[in-house]
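Student: the sequence isn't on hand, but the structure is:
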């Protein structure tokens, strides 16, 4: 009986070490009908630092510059997936398209890397590139406007 307890005690210590190393909150191990579960207390108080707020009586300065007009997304080509956008076939090479370029249907406009796969984004129609709304290497979300084709 003492040998069995000794083995379990060693297993418990090993599992506790794994919790610390991996920053897990609980771990369970089962072998030959014996189950060991080790958990650690996660009810630690979290301190949150807040940035100091400006005094309430501080004057608010009026903006002197006008914000640039937001590009219309009516004719925007939207991202068909989540990933990282690339404007050229490889670093240092010329971009696929630039603002003002005429494009034809099926022409590659960008590449989106998703899960280590390079996906060419092709033009859905012929037209002229009015705006490019992403930068090389930028992460993009599904449905996010990439560029505008007029």
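Tutor: That came in fine, so what should we check first? These figures come from a predicted structure and were not determined experimentally. Residues are numbered from 1 along each chain as shown.
Student: neighbours around residue 117, how many?
Tutor: 9 (other Cβ atoms under 10 Å). Where you see a C-beta, it was placed from the backbone N, CA and C, and this is true even at glycine.
Student: start the count at 24 instead of 1 going forward.
Tutor: Taking 24 as the first residue, the last one we looked at is residue 140.
Student: in the sheet, who's paired with it?
Tutor: Residues in a beta bridge with residue 140, per DSSP bridges, are residue 137.
Student: distance-wise, check it relative to residue 134.
Tutor: 10 Å (Cβ to Cβ, to the nearest Å).
Student: shared neighbours of these two, anything?
Tutor: In terms of Cβ atoms under 8 Å, 6 or more residues apart in numbering, residue 140 and residue 134 are not both contacted by any residue.
Student: quick one: average confidence on stretch 49-66?
Tutor: Across stretch 49-66, the average pLDDT comes to 70.
Student: list the buried residues in it.
Tutor: For stretch 49-66, the neighbour count (16 or more other Cβ atoms under 10 Å) marks 50, 61 as buried.
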